[in-house]
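Novice: compute the structure for the input listed below.
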Amino acid sequence: MFRVGIIGPQSTVDRIIYIAREFELDVIFLSYPYKVVKETEKIVKHNDNKVDLWIFSGRIAYNIACRSVENKENKIYIDHTEAGIYKGLLEFAHDIGSFTDYLSIDEISKSHLESALYQLNIKTENMYVKTFSEETSTKELVEFHSQLWRMGKTKGAITCFEEVYLQLKEAEIPAFRISTSDIEIRHTLNILSEKIKTFYFKGSQVAVQLFEMAHLEDHFKSPKQTYQLQYLELKFKEILINLSESLNGSLIEKGLGRYLIFSSRGDSERELHSIEETVNNLVLESGLQVGVGIGFGETIYSAEFNANHALKQSKEKFGSIIIARENGEVVEVNSKHLEVADFPYFNDENFIAKLKNEKINMKFYIEIFAFTRNTGLKDFTVKDVSSQLSKDERNTRRFIERLCEVGLAEWIGMEESATRGRPRRVYKLTNPLNKMK
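Specialist: Sure thing, here's the model as predicted:
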């Protein structure tokens with residue numbers, strides 16, 4: 001069941017939930033009222049993972065939310081029309097005795113007000129208008145209305161904001177609200193109903209993830225290396241089976257270093273972070289770059305076709321995970337999902353470029369990183385690395401010293417030898433994201 005969060009003044013939130021009963025939607029509505037519209041940012045950040053869709057009582061709250069949380073697809077807002085302005089003008093006329101003269105009004109844009117007055121065929125001479133944005137403070141709007149009233153230029157104020165309305169009333173200034181009308185709420189709930197259908201449709205679409213290890217065959221050319229290749233492919237399968245389980249999918253081998261997972265679009269979008277972590281694990285295991293193409297479609301055929309198209313683009317720009325949607329749209333996954341504080345994303349093209357610029361053998365560096373990560377060692381000696389990775393000790397020493405020169409490792413002390421001989425230097429890898437700027 002979908003969970004829909006409603007953000008706005010308490011009175012508007014209650015009204016939306018009341019009217020929503022007419023629609024009999026298979027939805028759980030969650031109430032998130034604010035006293036000041038700028039509270040929207042905090043509400044959305046703290047609760048975005050608890051809801052599937054958001055409804056905002058107005059454009060300002062929507063703008064604030066989009067600025068703090070990038071995804072706009074799960075957000076809709078009630079777009080105010082002339083109906084709310086007419087309501088405010090009628091209440092003003094009834095209480096004050098003047099229809100459109102000697103009043104101040106705040107609006108997000110003059111266009112709605114001008115359209116409303118044009119349709120009424122009324123010209124105004126003593127109407128003071130202030131437009132606002134999400135940056136405009138409550139204090140600024142209250143001062144605008146208050147100053148005009150104190151100067152005797154207005155008989156009252158009409159405002160879009162409940163907090164402004166309440167402060168003006170407390171100052172005993174005649175105030176009226178441009179509030180959300182039932183028609184506007186019903187229109188937005190109809191949009192919500194259509195969005196829910198779209199989300200159900202998307203969630204049930206087929207998704208195909210294609211993984212390809214770049215030039216795997218080039219690293220295992222001799223007959224003696226056949227077993228190494230087979231062991232490596234078993235490790236690939238283990239990593240990908242774990243991902244397949246997270247995606248509720250099925251893993252299929254497509255040939256040397258090429259694998260396919262069938263799942264649903266909903267599971268794939270929810271588990272993007274798992275896909276990124278899987279790519280990193282594949283790179284750590286092999287020292288190779290990994291191409292990833294994700295395809296969505298209404299059928300297995302169309303999803304696989306889109307995945308192949310996405311994989312082709314991913315291989316042209318290694319370091320990227322590419323998604324090809326059912327409508328032909330192609331997007332690159334933003335790697336912000338992956339926690340990289342002390343875990344570099346080895347498939348990232350910028351990181352790879354930095355290694356190349358410093359003439360660092362990427363495969364050797366990844367092998368050392370994987371060795372320390374898998375064994376849990378925070379520090380190591382040249383002997384530790386050369387013996388565990390079956391490398392020449394002299395070449396290993398030169399490589400580690402080069403890592404120290406470019407800031408990817410550092411010498412932290414000496415290890416006292418239990419036997420005769422010189423004590424060994426002790427090193428540790430440093431965070432490449434901090435060092436290689």
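
Novice: show me which residues of the longest helix along the chain are buried.
Specialist: Longest helix in the chain, counting residues (DSSP state H): helix 182-204. For helix 182-204, a neighbour-count test (16 or more other Cβ atoms under 10 Å) marks 184, 185, 188, 189, 192, 193, 195, 196, 199, 202 as buried. All C-beta atoms are positioned from the backbone trio N, CA, C, and that covers glycine.

Novice: with distance to residue 37 and pLDDT added, can I get those residues in a markdown table?
Specialist: Shown next, in a markdown table, are those (distance: Cβ to Cβ, whole Å; pLDDT from 0 to 100):
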| residue | distance to residue 37 | pLDDT |
| --- | --- | --- |
| 184 | 17 | 90 |
| 185 | 18 | 92 |
| 188 | 17 | 92 |
| 189 | 21 | 92 |
| 192 | 21 | 89 |
| 193 | 26 | 87 |
| 195 | 23 | 82 |
| 196 | 26 | 82 |
| 199 | 27 | 73 |
| 202 | 31 | 68 |
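
Novice: pull out the CA atoms of the longest helix of the chain and give them to me as PDB.
Specialist: Extracted in PDB, the C-alpha atoms of helix 182-204 (Å, rounded to 0.1, in the frame of the first residue of the first chain):
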ATOM      1  CA  ASP A 182     -11.900  22.100  -2.600                       C
ATOM      2  CA  ILE A 183     -11.800  22.200  -6.400                       C
ATOM      3  CA  GLU A 184      -8.000  22.600  -6.300                       C
ATOM      4  CA  ILE A 185      -7.600  19.800  -3.800                       C
ATOM      5  CA  ARG A 186      -9.800  17.400  -5.800                       C
ATOM      6  CA  HIS A 187      -7.800  18.200  -9.000                       C
ATOM      7  CA  THR A 188      -4.600  17.400  -7.200                       C
ATOM      8  CA  LEU A 189      -6.000  14.200  -5.800                       C
ATOM      9  CA  ASN A 190      -6.900  13.100  -9.300                       C
ATOM     10  CA  ILE A 191      -3.300  13.700 -10.300                       C
ATOM     11  CA  LEU A 192      -2.200  11.600  -7.200                       C
ATOM     12  CA  SER A 193      -4.500   8.800  -8.400                       C
ATOM     13  CA  GLU A 194      -2.800   8.800 -11.800                       C
ATOM     14  CA  LYS A 195       0.600   8.900 -10.300                       C
ATOM     15  CA  ILE A 196      -0.100   5.900  -8.100                       C
ATOM     16  CA  LYS A 197      -1.200   4.000 -11.300                       C
ATOM     17  CA  THR A 198       2.100   5.000 -12.900                       C
ATOM     18  CA  PHE A 199       4.100   3.900  -9.900                       C
ATOM     19  CA  TYR A 200       2.400   0.500  -9.900                       C
ATOM     20  CA  PHE A 201       3.000   0.100 -13.600                       C
ATOM     21  CA  LYS A 202       6.700   1.000 -13.300                       C
ATOM     22  CA  GLY A 203       7.200  -1.200 -10.300                       C
ATOM     23  CA  SER A 204       5.900  -4.200 -12.100                       C
END
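
Novice: so how far is it off the chain centroid?
Specialist: Taking Cα atoms, centre = their mean, to the nearest Å, the mean C-alpha location of helix 182-204 is offset from the chain mean by 22 Å.

Novice: repeat that for stretch 61-81.
Specialist: 14 Å.

Novice: how long is it from one end to the other?
Specialist: End-to-end distance for stretch 61-81: 16 Å, by Cα to Cα, to the nearest Å.

Novice: so residue 281 makes contact with residue 239?
Specialist: Yes - taking Cβ atoms under 8 Å as the definition, residue 281 is a contact partner of residue 239 at 5.0 Å.

Novice: next structured bit after the longest helix of the chain?
Specialist: For helix 182-204, the following helix or strand on the C-terminal side (DSSP states H and E) is strand 206-213.

Novice: sheet partners, orientation included, of that next one?
Specialist: Using DSSP bridges, strand 206-213 pairs in its sheet with strand 258-264 (antiparallel), strand 290-297 (antiparallel).

Novice: closest to residue 370 out of the ones you listed?
Specialist: strand 290-297 (14.4 Å; Cβ to Cβ).

Novice: what stretches of this structure score poorly on pLDDT?
Specialist: Where the chain drops to pLDDT under 70, the residues are 70, 201-203, 217-225, 318-319, 334-350, 416-421, 432-437.

Novice: same thing but at 50, please
Specialist: 337-342, 437 (pLDDT under 50).

Novice: so what touches the one helix or strand residue 228 maps to?
Specialist: Counting by DSSP H and E, the element that carries residue 228 is helix 226-246. With Cβ atoms under 8 Å, 6 or more residues apart in numbering as the test, helix 226-246 has contacts from 209, 211, 213, 216, 220, 250-251, 253, 257, 259, 261, 263, 267, 271, 274-275, 278, 281-282, 285-286.

Novice: from those, list the buried ones, please.
Specialist: 209, 211, 213, 216, 220, 251, 257, 259, 261, 263, 271, 274-275, 278, 281-282, 285-286.

Novice: all helices of the stretch 51-200 of the chain, in order?
Specialist: 59-68, 82-96, 110-120, 138-150, 162-170, 182-204 (DSSP state H, counting those that start in this stretch).
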